[in-house]
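Peer 1: No sequence on hand, only this structure:
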């Protein structure tokens with residue numbers, strides 16, 4: 001049985017036959033490449049968002065829990081954990097710990113797909129639940145900046 005083909009005239013008035021099965025195969029390959037690029041772009045956008053929000057985003061608004069301001073005034077608190085609270089200045093509201101954490105989280109987001117283990121989704125949820133809880137208690141600004149990431153990671157990416 002012969003596969004179906006499509007006949008058309010080119011600009012030089014010659015007749016060419018294109019095998020429809022080959023055309024569908026090529027379309028399918030382009031579709032798969034498109035899906036892969038879309039997935040890669042989502043990962044890159046998420047990593048960029050994490051780094052940008054916790055390192056470069058500046059604002060005059062500050063959100064904090066009732067225990068954050070007294071903790072930031074403690075003399076024994078290392079500067080690595082201190083962030084500004086209600087200064088009204090246009091600045092980053094994330095501490096140096098958060099700045100470093102953003103780079104590690106972005107690296108995790110990019111490289112987690114390269115790891116082939118059975119429990120990678122559980123470990124991913126553990127990481128983002130830990131970040132969610134720690135950011136809520138340590139810096140409410142960091143928690144609020146990360147709400148889109150938490151939603152995407154914990155609810156949208158159900159595998």
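Peer 2: Nice, I can see it. Remember, it's a predicted structure, so these values are computed and weren't measured experimentally.

Peer 1: What ranges does the chain have for its helices?
Peer 2: Taking DSSP state H, the helices of the chain run over residues 20-51, 68-73, 96-111, 120-138, 140-145, 147-151.

Peer 1: Would you quantify the distance from the residue most central in space within the chain to residue 142?
Peer 2: Nearest to the geometric centre of the chain sits residue 46, at 2.0 Å (C-alpha atoms, centre = their mean). The gap separating residue 46 from residue 142 is 16 Å, by C-beta to C-beta, to the nearest Å. C-beta: built from backbone N, CA, C; applies to glycine.

Peer 1: Point out the most buried one among the helices of the chain.
Peer 2: Greatest average neighbour count among the helices of the chain goes to helix 140-145 (a mean of 21), per mean count of other C-beta atoms under 10 Å.

Peer 1: what residues does that one touch?
Peer 2: The contact list for helix 140-145, computed with C-beta atoms under 8 Å, 6 or more residues apart in numbering, reads 53-54, 57, 62-65, 68, 83, 93-94, 98, 132, 135-136.

Peer 1: go again using 7 Å as the cut-off
Peer 2: The contact list for helix 140-145 (C-beta atoms under 7 Å, 6 or more residues apart in numbering) reads 53-54, 57, 62-65, 68, 93-94, 98, 135-136.

Peer 1: Quick one: those residues as a markdown table, columns for pLDDT and distance to residue 87 too.
Peer 2: Output for the contacts of helix 140-145, formatted as a markdown table (pLDDT from 0 to 100; distance: C-beta to C-beta, whole Å):
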| residue | pLDDT | distance to residue 87 |
| --- | --- | --- |
| 53 | 89 | 19 |
| 54 | 87 | 18 |
| 57 | 87 | 16 |
| 62 | 78 | 7 |
| 63 | 77 | 13 |
| 64 | 74 | 11 |
| 65 | 74 | 16 |
| 68 | 69 | 13 |
| 93 | 80 | 9 |
| 94 | 84 | 13 |
| 98 | 88 | 17 |
| 135 | 87 | 20 |
| 136 | 89 | 21 |
